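**Student:** sequence first, predicted model second:
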Amino acid sequence: MTKNIYEFTCEDSSGQKIELSSYQGKVLLIVNTASQCGFTPQYEGLEKLQQTFADENFSVLAFPCNQFGGQEPGTNEEITEFCKLNYNNNFPIFSKVDVKGNDAHPLFSFLTKEKKGLMGTENIKWNFTKFLVNKEGEPVSRYAPSTTPDKIQSDIENLLNS
């Protein structure tokens, strides 16, 4: 039985395998992202969180996904370039993944089982669903796409100070 995210391996945008155990002891905000979504400007707020807590064992982890309205059609390289060019993002951007359905990445299957959405649903409904993970790698909160990064800041501070 999986207890935390440290048991998962993901590919970064260059295809390199990253053990999530390398983030042990950090508070994480895991987000499924898209470059052509109405919520795409949240990249700016995510970067602000990254900068605010850069020295405090925190990181945003972005996972591009093309399952919602085809809003992330680019290659991993194009996505990374878009994020750097338009939002100066310095947080890790992983390879494009599925976050729902039979081909959902195991990390997202775990996150959605641990933290259900509205009315107990597991499925992610849209881009920019966010999962806050504590220093032990346990998901503690799930946020709707419409929840802007600044609304999560106090929850991050509480976990960093606990």
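**Tutor:** Yes, it's here.
**Student:** how about the strands in this protein?
**Tutor:** 9-11, 17-19, 27-33, 58-64, 130-133, 139-143 (DSSP state E).
**Student:** what angle do the fourth one and strand 27-33 make?
**Tutor:** With axes from the mean of the first three to the mean of the last three Cα atoms, to 10 degrees as the basis, strand 58-64 and strand 27-33 are set at 20 degrees to each other.
**Student:** winner for burial among the strands of the chain?
**Tutor:** strand 27-33 (a mean of 25; mean count of other Cβ atoms under 10 Å). (C-beta placed from N, C-alpha, C; glycine too.)
**Student:** in JSON lines: the strands of the chain, plus distance to Phe94 and mean pLDDT.
**Tutor:** Shown next, in JSON lines, are these (distance: least, Cβ to Cβ, whole Å; pLDDT from 0 to 100):
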{"stretch": "strand 9-11", "distance to Phe94": "5", "mean pLDDT": "96"}
{"stretch": "strand 17-19", "distance to Phe94": "7", "mean pLDDT": "97"}
{"stretch": "strand 27-33", "distance to Phe94": "9", "mean pLDDT": "98"}
{"stretch": "strand 58-64", "distance to Phe94": "5", "mean pLDDT": "98"}
{"stretch": "strand 130-133", "distance to Phe94": "14", "mean pLDDT": "98"}
{"stretch": "strand 139-143", "distance to Phe94": "17", "mean pLDDT": "97"}
